[in-house]
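Trainee: My questions are about this predicted structure, shown below with the sequence.
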Amino acid sequence: MSLIERYVERMMTESTPERPLWNIEKIMAGKVNGWNYIDGCMMIALLNLHRITGESKYYEFAERFLDHYVFEDGSIRGFREEDYNLDNICEGRVLFDVYRMSGKEKYRRAINVLYGQILRQPRTHEGSFWHKAIYPNQVWLDGLYMAQVFYARYTMELEGGAHIDDIRRQFMTVRERMYDPETGLYRHGYDASRTAFWADPETGCSKNPWLRSLGWFSAALIDVTAEIDDASFRQDMTAIARELAANLLPYIDADANMLWQVPNQPGREGNYPETSGSAMVAYFYLKGARLGMLDAKYASVGARIFRAICDRYLSETDGKLNLGGICLVAGLGPENNRRRDGSYEYYISEPVVENDAKGLAPFLMCYTELLQSNA
């Protein structure tokens, strides 16, 4: 067993559905665990490990974990559609696989429960999903990863691709509205109404790029395209992905071989090479190259970033591995939380933690990509 797989073994052994060791955000807040995207990211990574290694323990843990949250009628512990929170769709993508492997009808019913939110999710006047009900008219890069992979799987597997154009339009709107030609990167958020306190009154965009949001978006481009068998869709997403892949290269620090929390301001006081976003970019490069969406040369770039994360932030204490350098959380607003204003000072002020699945899961997704390339 590799060191990394031993690390995952510990995370599973010391976790329960009520208190998963990787959900640092919930643990620090002292909140009861419920259906959430952080666990969803970890379940995605575990099912990838199962698929690549053939080890049943990863699937068995994931299925036990999900079984705790999904009731027989398809209702989901802690899920509230009326929140219209795209984050809560993320974990739904694994239900397709668990339903296929377990045969339990409750997972199919839960898929339909989550799709009900997709059908009723509020939208901007341009047709993009609001990020959450508490963020009216706002599109965040994070949301493309949270909702669109599930949406893509549903429409391809259960609707014959009926909503491909809707998915395409939402990605194209992000490219049109949130791309910053000065940096070649994307801003974290966009308010279509241009009324949020953090939004530029002319563009509607937030002030800065944020690394993890770029990571979410880059991973979404690859994962969604992998689900949609349509040449025109693939062509459009590949064009965006190739542009982003090239534009990210200059922001990979020559010494750290990682990207910084605020990626266009490397070396500025308080800034730091950040694990979760760097791992997602590495995953984007590795999987994009494997699928032919990106040039094959990017696979070595992704592998280099992964090794750099291991060298800098993977450490062992008392025989236990820990992954550090992970920004705990960052966002924009809402109105009653003006500290979250999209400024440089805000992004570097958020806590940096170890072992949170927002960093651990993409790290493991990189690991499984490397296992595939070496198979």
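Mentor: Looks like it came in fine.
Trainee: For stretch 107-127, which outside residues touch it?
Mentor: Outside stretch 107-127, the residues within contact range by CB atoms under 8 Å, 6 or more residues apart in numbering are 66, 70, 72-76, 79, 81, 84, 86, 88-89, 92, 95-96, 98-99, 129-130, 133, 136-137, 139, 147, 150-151, 154, 158, 166, 169-170, 173, 177, 192-193. C-beta: built from backbone N, CA, C; applies to glycine.
Trainee: Now which of those would you call buried?
Mentor: Buried members of those, scored by 16 or more other CB atoms under 10 Å, are 66, 70, 74, 76, 79, 84, 86, 88-89, 92, 95-96, 98-99, 129-130, 136-137, 139, 147, 150-151, 154, 166, 170, 173, 177, 192.
Trainee: thinking Ile44 is in contact with Pro362, fair?
Mentor: No - contact criterion CB atoms under 8 Å: Ile44 and Pro362 do not qualify, at 9.3 Å.
Trainee: more neighbours, the two?
Mentor: Pro362 (30 against 24; other CB atoms under 10 Å).
Trainee: quick one: what helix or strand has the more buried one in it?
Mentor: helix 357-374 (DSSP states H and E).
Trainee: Buried residues in that helix, which are they?
Mentor: Applying 16+ other CB under 10 Å to helix 357-374 flags 357-371 as buried.
Trainee: follow-up on the earlier one: select from the buried ones among the contacts of stretch 107-127 every entry located in helices.
Mentor: 66, 95-96, 98-99, 147, 150-151, 154, 166, 170, 173, 177 (DSSP state H).
Trainee: just the strands in the stretch 101-250 of the chain please.
Mentor: Applying DSSP state E, counting those that start in this stretch to the stretch 101-250 of the chain gives strands spanning 138-140, 179-180, 185-186, 189-191.
Trainee: Residues contacting stretch 360-371, please?
Mentor: 4, 8, 11, 22, 41-42, 44-46, 48-49, 51-53, 215, 219, 275-276, 279-280, 282-283, 286-287, 290, 302-303, 305-306, 309, 323, 326.
Trainee: low-scoring pLDDT stretches of the protein, where are they?
Mentor: Residues of the chain meeting the criterion pLDDT under 70: 1, 375.
Trainee: hey, where'd the helices end up in it?
Mentor: Assigned by DSSP H, the helices in the chain fall at 3-13, 24-29, 37-53, 56-69, 93-102, 105-120, 141-158, 164-178, 211-227, 231-248, 275-291, 298-313, 344-347, 357-374.
Trainee: Same list, those, but as a markdown table with distance to Cys205 please.
Mentor: Converted to a markdown table, the helices of the chain look like this (distance: least, CB to CB, whole Å):
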| stretch | distance to Cys205 |
| --- | --- |
| helix 3-13 | 37 |
| helix 24-29 | 26 |
| helix 37-53 | 23 |
| helix 56-69 | 35 |
| helix 93-102 | 28 |
| helix 105-120 | 25 |
| helix 141-158 | 11 |
| helix 164-178 | 6 |
| helix 211-227 | 12 |
| helix 231-248 | 16 |
| helix 275-291 | 18 |
| helix 298-313 | 26 |
| helix 344-347 | 15 |
| helix 357-374 | 23 |
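Trainee: how close does the nearest residue to Ile326 once chain neighbours are set aside sit to Gln117?
Mentor: Among residues not flanking Ile326 along the chain, Gly359 sits closest, at 3.4 Å (CB to CB, 6 or more residues apart in numbering). For Gly359, the distance to Gln117 equals 27 Å [CB to CB, to the nearest Å].
Trainee: What of Leu370?
Mentor: To Gln117, Leu370 is 35 Å away according to CB to CB.
Trainee: Drop anything exposed from the contacts of stretch 360-371.
Mentor: By neighbour count, with 16+ other CB under 10 Å, the contacts of stretch 360-371 hold 4, 8, 11, 22, 41-42, 44-46, 48-49, 52, 215, 219, 275-276, 279-280, 282-283, 286-287, 290, 302-303, 305-306, 309, 323, 326 as buried.
Trainee: and the end-to-end length of stretch 27-35?
Mentor: End-to-end distance for stretch 27-35, by CA to CA, to the nearest Å: 14 Å.
Trainee: What of stretch 178-194?
Mentor: One end of stretch 178-194 to the other measures 13 Å (CA to CA).
Trainee: For the residue lying closest to Gln170 once chain neighbours are set aside, grab the count of nearby residues.
Mentor: Excluding its sequence neighbours, the residue lying closest to Gln170 (CB to CB, 6+ apart) is Ser128, at 5.1 Å. Ser128 has 24 neighbours, counted by other CB under 10 Å.
Trainee: Does Ser128 touch Phe171 like I think?
Mentor: No - here Ser128 does not reach Phe171: they are 9.5 Å apart, not a contact under CB under 8 Å.
Trainee: picking that back up, now distance to Ala330 too, for the strands of the stretch 101-250 of the chain, in CSV please.
Mentor: Output for the strands of the stretch 101-250 of the chain, formatted as CSV (distance: least, CB to CB, whole Å):
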stretch, distance to Ala330
strand 138-140, 10
strand 179-180, 18
strand 185-186, 15
strand 189-191, 11
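Trainee: and of those strands, who's closest to Arg268?
Mentor: strand 185-186 (15.6 Å; CB to CB).
Trainee: neighbouring contacts of that closest one?
Mentor: Residues outside strand 185-186 that contact it (CB under 8 Å, 6+ apart): 141, 174, 178-180, 209, 213-214, 217, 244, 247-248, 251, 263-264.
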